[in-house]
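Novice: sequence plus the predicted model coming up.
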Amino acid sequence: MRMAIIGGGPGGLYFAALAKQLDPSREITVWERNAPDDTFGFGVVFSDETLGGIELADPVVYGQMEREFARWDDIDVHFRGNVHTSGGNRFAAMSRKRLLQILQARCRELGVTLHFRTEAPDVELLSATHDLVLAADGLNSAVRRRYADTFRPTMDERACRYMWLATDKVFDAFTFHVRETPYGVMQIHAYPFDAHGSTFIVEMHDDVWRAAGFAASEQRRWSPGESDEASIAQVTELFADVLEGHEVQANNSRWIRFTTIRNETWRHGNVVILGDAAHTAHFSIGSGTKLAMEDSLALAACLHENRDLDTALVAYEAERKPVVESTQRAAQASLEWFENLGQYTHQDPDQFAFNIMTRSRRVTHDNLKVRDPEFVAGIEGWFTTKVGRELGVPVEPGTPPMFTPYRLGGLDLVNRVVVSAMDMYVADDGIPADFHLAHLGGKAMGGAGLVMTEMVCVSPTGRITPGCTGLWNEQQEQAWHRITEFVHTQSQAKIGVQLGHSGRKGSTKLMWEGIDEPLPGGNWPVVGPSPLPYREGFNQVPAELTVEQSAAIRDEFVTSARHADAAGFDLLELHCAHGYLLSSFISPVTNHRTDEYGGDLAARLRYPLEVFAAVREVWPADKPMTVRISATDWVTGGIDTEDAVLIAQAFADAGAAAVDVSSGQVTPDERPAFGRSYQTPFADAIRNRTGISTIAVGIISSWDDVNSLILAGRADLCALGRAHLYDPNWTLHAAAEQEYAGPGVAWPLPWQAGKRRPQAGRTDGPKPRLDLVRQGEPTTRHDRWRPALEPEVVR
């Protein structure tokens, strides 16, 4: 088998070594246009997981790498004169140049042909004369450009500017320095890579970069290898106290923007792209070198395990792509966190430290608690003290964040868990029945602090489906009163009603009969701000509401609010999300009006705010109102995060106690970035930019995620839907699994015997004592890099 490798970086060299090791008969040639000792960048970082794979795949390479490693456990967060240290994180780093030397030597030892300072032959020629062509030619891959129609790449250039530098100051831990300057907030990412130096990355938002004057060199044409010495001098001055007189070193160091690269496929016939040519992930969660070497290992293994090339390449992409995509999602969350760093600088240093540690959503509250229980206990202690001080009630130290109380307007909730509004579609003529009593009553007994109804419609023609509940008459009011009374007498929960009107998305079939599909014959006419159907040629064309008709629907909301108060609801939420009537007034995608209810955002908000004000006037002052919004339409030209912040502020100014932050469902053309906790950044942005209380929602499915979001200050409450459908007692079970038995959750008296987690089917039983002298409780590892000595453990 003949293999051609374009690019002699770590990914290409490591694949060459592994492939040759697995089958010495292979003819493998590497072309690298740079010299063997050229490298751009300074240090590379590896996880223990990756190193374990490298050790098993090639012990020779691993053994040589291990002798070079700088190893440490700690992450130091420097913010506003405070230093918070989180231990138990295992890091290993080394010089990129030394890594290349090790891999080059290994390739030569195994018989791989290496060409340096040599451009590779044309890829078409290589493809015709070799069984496999591996393009490990980096971020600006010529091979990717050549076959772009096949690979279908997307390149997302981001808002921050950063510069790779090094220093002869040897840091002893991974270090974040977050600095508030006259120009805005800047940050340093620094870590040691050997006994003599550290990587030193300076990063800031483009707005800050321009305010600081760094844009002076933006249009300059740089010579190959030239560094931006003027900017480096300014960085050295800005961070002189961090550098402590040490030298800053450059290597082709200029300001760049991070570009996230994704490809729909990594293969064109027998040509495969690898490493940065195929994908990139922001440096704040790991190195591109690590990902490239993992690619190489997986590709070499798939070639070895499969009989033919085609099957091997299919297997490689099927195995490796989900891993990379997961890493990219975490990296994207981390990248966006740093882009929006300015929205967190008001946070207390304790909360800020926890926030930066959990920014990728891959590291969580529970994960940190395993790594460094003392760090988490300190942050939790700060948080419970803060909550107790704000509410004027003591909160027991050690209380999980999700079980701390919260005051929403004038409504006291025993914990931070909300049962999200979920349409059930089983009402008859809008009347909730025994199903709704069991559904909502069961969720309340299951321990949540607040239980929300489904969208309760304000009129028969405001329903989504014939199975939707309503609140437009006394019979419905009495049926709802039966449910609220049960919740209040049988649980600690409060219950809220969500009022809405379906708008153009009404008169459709039940969900399981065909979601968003129109009823046969239309059944009842639908309305909207503009005559735009939800799906052209499929759903009804809505009648454009006149001002008088809009006022009549506003009055229907008022009537429903009066019924809701009489029915005993504790809270009222106005549904302004998901493309229903009020949402469709807000979005430019669905509102094309030219009167006072259309135009810019302020005009599009006018009618929903009029409805909110009218409802607020009749809803009792001691009962809070919230509003659910779609924070993005997930389409170009629709609502985005910046709009969402303004929308939230407008409703808060009108009297909303909190904003329930959802997204999308406004247009079938949406392309949501769906995944775990995918909507929480919108609640985070609103809360931290405006100070408005937020309810986060969107595939939040674990109590660990809830604790993480609350403690990091990204939301005040967390609403869970599917998790409560899977387990109506989700909150009770979350308490049991965390061994929490405080006032934040109460098991119904008849259920008390079941409040301990049941034993598993198998147990190893009590273990014998095998230590003569007890060693005490294990403590967190706080190894720091001490290059002159053996690593020192700081206890």
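Specialist: Received it, and whenever you're ready, just let me know what you need.

Novice: switch to C-alpha atoms for all contacts and neighbour counts from now on
Specialist: Noted.

Novice: what ranges do the helices span in the stretch 151-300 of the chain?
Specialist: Ranges of helices in the stretch 151-300 of the chain, per DSSP state H, counting those that start in this stretch, are 206-211, 229-238, 240-243, 288-305.

Novice: highest mean neighbour count out of these?
Specialist: helix 288-305 (a mean of 21; mean count of other C-alpha atoms under 10 Å).

Novice: show me what it is in contact with.
Specialist: With contacts defined as C-alpha atoms under 8 Å, 6 or more residues apart in numbering, helix 288-305 is touched by 10-12, 14-15, 18-19, 22, 44-46, 50, 54, 57, 274-276, 280-281, 309, 312-313, 315-316, 319-320, 324.

Novice: mean pLDDT and distance to residue 482 added to the helices of the stretch 151-300 of the chain, as JSON lines?
Specialist: Shown next, in JSON lines, are those (pLDDT from 0 to 100; distance: least, C-alpha to C-alpha, whole Å):
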{"stretch": "helix 206-211", "mean pLDDT": "97", "distance to residue 482": "56"}
{"stretch": "helix 229-238", "mean pLDDT": "96", "distance to residue 482": "65"}
{"stretch": "helix 240-243", "mean pLDDT": "97", "distance to residue 482": "64"}
{"stretch": "helix 288-305", "mean pLDDT": "95", "distance to residue 482": "57"}
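
Novice: thinking again about what came up before, could I have the PyMOL command that selects the buried members from the contacts of helix 288-305?
Specialist: Buried subset of those, written as a PyMOL selection, criterion 16 or more other C-alpha atoms under 10 Å:
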select buried, resi 10+11+12+14+15+18+19+44+45+46+54+57+274+275+276+280+281+309+312+313+315+316+324
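
Novice: which of the contacts of helix 288-305 fall within helices?
Specialist: Among the contacts of helix 288-305, the members found in helices (DSSP state H) are 10-12, 14-15, 18-19, 22, 50, 54, 57, 309, 312-313, 315-316, 319-320, 324.

Novice: that's a strand at residue 521, yeah?
Specialist: No: if the criterion is DSSP: H, G, I helix; E, B strand; the rest coil, then residue 521 is coil and not within a strand.

Novice: follow-up on the earlier one: so which of the helices of the stretch 151-300 of the chain comes closest to residue 408?
Specialist: Counting by C-alpha to C-alpha, residue 408 lies closest to helix 206-211 out of the helices of the stretch 151-300 of the chain; the figure is 35.4 Å.

Novice: mind giving me the packing neighbours of the closest one?
Specialist: Under the contact definition 3 or more C-alpha pairs under 8 Å, 6 or more residues apart in numbering; DSSP states H and E, helix 206-211 sits against strand 153-167, strand 184-192.

Novice: try 6 Å this time
Specialist: When contacts are defined as 3 or more C-alpha pairs under 6 Å, 6 or more residues apart in numbering; DSSP states H and E, helix 206-211 packs onto strand 153-167.

Novice: tell me how far the strand it packs on is from the chain's mean position?
Specialist: Averaged C-alpha coordinates place strand 153-167 at 19 Å from its chain's average position (C-alpha atoms, centre = their mean, to the nearest Å).

Novice: likewise stretch 275-286?
Specialist: Centroid separation between stretch 275-286 and its chain, computed with C-alpha atoms, centre = their mean, is 17 Å.

Novice: go on, stretch 110-128?
Specialist: How far stretch 110-128 lies from its chain's middle: 40 Å, per C-alpha atoms, centre = their mean.

Novice: need the contact partners of that stretch.
Specialist: Here stretch 110-128 makes contact (C-alpha atoms under 6 Å, 6 or more residues apart in numbering) with 28, 29, 30, 31, 32, 33, 34, 35.

Novice: quick one on the thing from earlier: export the helices of the stretch 151-300 of the chain to CSV and append columns for distance to residue 361.
Specialist: Shown next, in CSV, are those (distance: least, C-alpha to C-alpha, whole Å):
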stretch, distance to residue 361
helix 206-211, 24
helix 229-238, 30
helix 240-243, 28
helix 288-305, 19
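
Novice: of those helices, which is nearest residue 95?
Specialist: Judging the helices of the stretch 151-300 of the chain by C-alpha to C-alpha, what sits closest to residue 95 is helix 288-305, at 11.5 Å.

Novice: and the closest one with helix 10-22, angle?
Specialist: Angle, helix 288-305 to helix 10-22, by axes from the mean of the first three to the mean of the last three C-alpha atoms, to 10 degrees: 30 degrees.

Novice: show me where the stretch 351-500 of the chain has its strands.
Specialist: For the stretch 351-500 of the chain, applying DSSP state E, counting those that start in this stretch gives strands covering 406-408, 411-413, 417-419, 450-457, 494-500.

Novice: let me have the ones you listed in CSV, extended by distance to residue 594.
Specialist: CSV is the format used below for these (distance: least, C-alpha to C-alpha, whole Å):
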stretch, distance to residue 594
strand 406-408, 37
strand 411-413, 40
strand 417-419, 39
strand 450-457, 28
strand 494-500, 24
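
Novice: just the buried residues of the contacts of stretch 110-128.
Specialist: Burial by neighbour count, 16+ other C-alpha under 10 Å: within the contacts of stretch 110-128 this picks out 28, 29, 30, 31, 32, 33, 34.

Novice: now go through those residues and say which are in strands.
Specialist: Counting by DSSP state E, the part of the buried ones among the contacts of stretch 110-128 found in strands is 28, 29, 30, 31, 32.

Novice: let me know the pLDDT of the last one.
Specialist: The reference is to residue 32. Residue 32 is assigned 96 on the pLDDT scale.

Novice: and what of residue 50?
Specialist: So residue 50 comes in at 89 (pLDDT).

Novice: now it: how far from residue 295?
Specialist: Per C-alpha to C-alpha, to the nearest Å, residue 50 is found 11 Å from residue 295.

Novice: in the protein, which ranges drop under the pLDDT threshold?
Specialist: Within the chain, the segments meeting pLDDT under 70 span 762-765, 770-771, 773-778, 788-795.
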